[in-house]
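# how would this look folded up:
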Amino acid sequence: MHSLHPLFHPASVALVGASSDPERIGGRPLRFMREGGFEAPIYPVNKSGDAIQGLPSFRSVSEIPHPVDQAVICVPVQGVEAAVQDSIAKGVRAIQIMTAGFAEIDAKGRALQARIAAMCREAGVRLLGPNSLGLLNVPTRFFSTFSTALNGLKPQPGPIALATQSGAFGSATYGMASLRGLGFSKIVATGNEADVDVAECIDYLADDPDTRIICAALESCQDGERLRRALRKAARAGKPVLIMKVGRTEAGAAAASTHTGSLAGNDVVYDTVFAECGAWRPQSIEEMLDIAYAFSVRPALPVNADIGIVTGSGGIGVLMADEAGDRGLALPALPGPGREAALALLPFAVASNPLDMTAQVTSVPQGVSRSVATMLDHTSWGTVFAYLAHVGLSPARFAATQAELVAVAQKHPGRTLVLVMLSTPEVNRALEAEGIVVFEDPSRAVRAVAALAALAQRREMLALPPQAPAAAGATLDLAGIDTEDGAKRVLAAAGLPVLPEQLCTWAAESAEAAQRMGFPVVAKIVSPDITHKTEVGGVILDLQDAEAVRAAHEELIARARRARPLARLEGVLIAPMLRGGVEVILGVHRDPTFGPMVMYGSGGTAVELFKDVAFASAPLSTERARGLLDHVRSTQLLRGWRGAPPCDEAALVAALCRLSEFAAAHAELIESVEINPFVVRQEGAACLDAVITLRAADEAETGRSSHGH
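As a prediction, this is how the structure comes out:
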């Protein structure tokens with residue numbers, strides 16, 4: 001049995017701080033559970049000892065003469081610790097703390113929260129909160145929440161689960177969903193997450209038989225690997241996860257930190273991890289509910305990302321086609337037999353995709369349903385949209401067409417049919433009961449299907465063999481790692497391609513090194529205090545003879561001393577001058593939540609301006625490294641852009657894999673790696689510059705301790 005089972009399925013509940021006033025925070029959970037029909041015993045606890053909302057109450061949990069499975073605590077903050085101790089002594093298996101005033105407030109609150117969490121952990125008791133809005137198990141009517149949303153909306157059972165840190169986010173989402181007629185299995189707000197977090201709730205919901213799709217929202221994440229495992233588990237269980245991460249901007253991230261008492265992680269990294277683990281990140285609550293609705297009506301992902309559009313309006317068809325193109329859906333050409341069938345039905349139709357049957361389609365017997373059937377019969381496209389304007393607002397007139405469309409859909413059970421139209425709730429319910437999705441807005445319809453198609457592709461990626469864990473690797477030689485020369489030496493040992501270079505102290509030594517290598521060469525200043533050499537004029541290119549190299553050596557030293565008088569100068573690096581190839585950037589970023597992330601993108605000095613980069617978790621398999629290349633627009637330059645010869649993509653993929661293995665093996669020591677530029681040629685590749693930054697000593701020690709934990 002999952003350790004969160006007692007939270008969602010308590011055999012009995014003690015409500016500590018229960019109020020006789022059904023409108024107060026301590027009174028609402030009791031009222032909601034009783035009005036909802038929760039059948040397990042409820043024991044109000046109040047120091048007064050008076051009856052509470054018609055139920056006998058007790059002065060403490062320990063006074064209850066019956067077993068207590070879960071305690072729900074609503075007392076003021078100063079009484080919470082004693083209530084937790086009393087509940088643990090009684091033998092509860094789970095505790096909810098709805099009270100606020102803990103880690104989200106100040107250091108004193110953080111210390112109190114830590115003590116309570118330690119008490120629960122030692123006793124083997126699961127803790128939700130503090131500062132939690134509670135949870136709902138809709139099928140069992142366990143409405144343990146003080147959300148006023150339940151004053152006007154009565155939760156109905158359905159396949160959607162919702163797990164969120166923010167109670168307000170949960171209430172808003174539940175309210176919007178309920179007004180749309182969507183039903184829920186479980187709803188939980190984790191609050192400060194002293195113990196139970198959103199990741200563990202997703203893990204639980206992946207096993208929950210009442211749940212088919214999971215909606216979630218994060219402000220921060222305490223354990224990146226736990227979140228990864230939970231998302232993969234849900235995806236492999238066939239349950240899509242739609243997960244929003246708030247705190248996208250710097251201001252938003254600061255607000256999230258203030259609200260939850262924990263820091264928000266790197267936003268781009270969250271996008272990457274969600275995609276790698278088979279989840280989808282909606283951009284709004286509306287989008288999240290659109291996707292959840294579509295999947296709840298037809299609980300299957302599209303068989304492919306190809307779509308067809310049937311419309312009586314050219315403008316709406318173009319609008320939907322534009323949206324589809326923006327969202328990665330394909331609109332293949334209508335095959336010849338399909339075109340012939342469409343023109344036989346209506347000779348002046350625009351027989352393509354979108355298939356514009358014009359408004360005259362309504363004058364043809366069964367014109368609408370036959371047009372949809374034409375597209376389904378003659379293609380294998382995963383989804384077919386039909387724009388029907390407002391015909392669903394006249395149920396009696398629409399009844400015959402509705403029955404015909406249901407029959408068409410039943411002939412193609414593996415395909416998704418989406419109707420875009422204005423219609424009455426009764427018409428919608430009848431169509432939805434047959435697995436036909438109905439939207440009133442064409443763009444929202446396309447976006448929802450695009451997300452489901454992307455989820456299908458991400459699920460396929462999860463089926464690939466997992467990358468091998470990074471080998472522990474030799475102890476990292478830290479000597480000189482803070483210079484380009486030292487960084488390249490370490491990277492070469494890790495298997496990355498590095499040119500034959502030499503660090504020289506004197507000008508004559510530089511000239512001799514250049515003669516051995518062959519001209520032309522490059523000369524670069526080497527200093528642990530000068531990371532970006534171009535900013536001080538620290539690189540001289542295309543040196544053609546020994547005299548030019550001697551002069552360059554002296555000039556580089558002089559420039560560095562003028563620009564950075566206090567910088568430590570170790571000498572000048574002489575390297576062969578490469579011509580041709582495409583410059584890219586390879587890197588490693590240690591995310592505080594998810595660990596080492598590999599970066600690949602367009603290289604050069606403008607990388608931060610254009611931000612044409614993509615990330616992936618380390619280590620990388622060959623398949624995932626190839627996939628990383630496809631997420632960067634400038635990768636096209638490697639593939640024979642405008643007649644140029646293609647570059648050695650295999651060498652780039654190999655370098656990405658070696659870099660990722662290096663980063664994973666030394667995650668406790670490495671803060672970041674930047675190889676810019678990394679040049680990819682027709683044959684082979686090479687690191688032309690590199691910077692490795694180590695973690696601070698105290699951070700590295702913390703990382704080792706938590707890793708060993």
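
# okay, CA-based contacts and neighbour counts for the rest of this
Fine.

# for Gln113, what are its contacts?
By CA atoms under 8 Å, 6 or more residues apart in numbering, Gln113 lies in contact with Phe102, Ala103, Pro130, Ala194.

# quick one: secondary structure of the closest residue to the second one other than its chain neighbours?
Just to be clear, that refers to Ala103. When the adjacent residues along the chain are set aside, Ala103 lies closest to Arg110, with 3.9 Å between them (CA to CA, 6 or more residues apart in numbering). Counting by DSSP: H, G, I helix; E, B strand; the rest coil, the backbone at Arg110 sits in helix.

# state the distance from Arg110 to Ser313.
60 Å (CA to CA, to the nearest Å).

# please report how far the residue nearest to Ala103 lies from Glu404.
Arg110 is 62 Å from Glu404, by CA to CA.

# same deal with Cys201?
Relative to Glu404, and taking CA to CA, Cys201 is found at 42 Å.

# please apply the same query to Lys233.
Applying CA to CA to Lys233 and Glu404 gives a distance of 40 Å.

# before we move on, what about Pro155?
If you go by CA to CA, the gap between Pro155 and Glu404 works out to 34 Å.

# please say which of the two ends up with more neighbours.
Shown here are Pro155 and Glu404; by other CA atoms under 10 Å, Pro155 has more neighbours (24 against 16).

# my read: the more buried one touches Phe184, true?
Yes. Using CA atoms under 8 Å, Pro155 is in contact with Phe184, at 7.2 Å.

# between these two, which contacts overlap?
In contact with both Pro155 and Phe184: Val138, using CA under 8 Å, 6+ apart.

# follow-up on the earlier one: burial count for the residue nearest to Ala103?
Neighbours of Arg110 using other CA under 10 Å come to 17.

# for the stretch 301-450 of the chain, what spans make up the helices?
For the stretch 301-450 of the chain, the helices defined by DSSP state H, counting those that start in this stretch cover 314-326, 336-345, 367-377, 395-411, 425-433, 442-462.

# distance of the closest residue to Asp441 other than its chain neighbours relative to Ala407?
Spatial nearest neighbour of Asp441, chain neighbours left out: Val420 (6.6 Å); criterion: CA to CA, 6+ apart. In this view, Val420 and Ala407 are 18 Å apart by CA to CA.

# just put the helices of the stretch 301-450 of the chain in CSV and tack on distance to Arg695.
As requested, the helices of the stretch 301-450 of the chain are exported to CSV (distance: least, CA to CA, whole Å):
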stretch, distance to Arg695
helix 314-326, 40
helix 336-345, 62
helix 367-377, 57
helix 395-411, 58
helix 425-433, 55
helix 442-462, 31
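
# out of those helices, which gets nearest to Ser19?
Among these, the nearest to Ser19 by CA to CA is helix 425-433 (39.3 Å).

# list the residues that contact the most centrally placed residue in the chain.
Central residue of the chain (CA atoms, centre = their mean): Phe274, 2.7 Å from the mean position. Taking CA under 8 Å, 6+ apart, we find Phe274 in contact with Arg228, Leu231, Ile243, Trp280, Arg281.

# what sits opposite the residue nearest to the fourth one when sequence neighbours are not counted in the beta ladder?
Read it as Trp280. Sequence neighbours aside, Leu242 is the residue nearest to Trp280 in space, at 5.0 Å (criterion: CA to CA, 6+ apart). In this entry, Leu242 is beta-bridged to Cys215, Trp280, by DSSP bridges.
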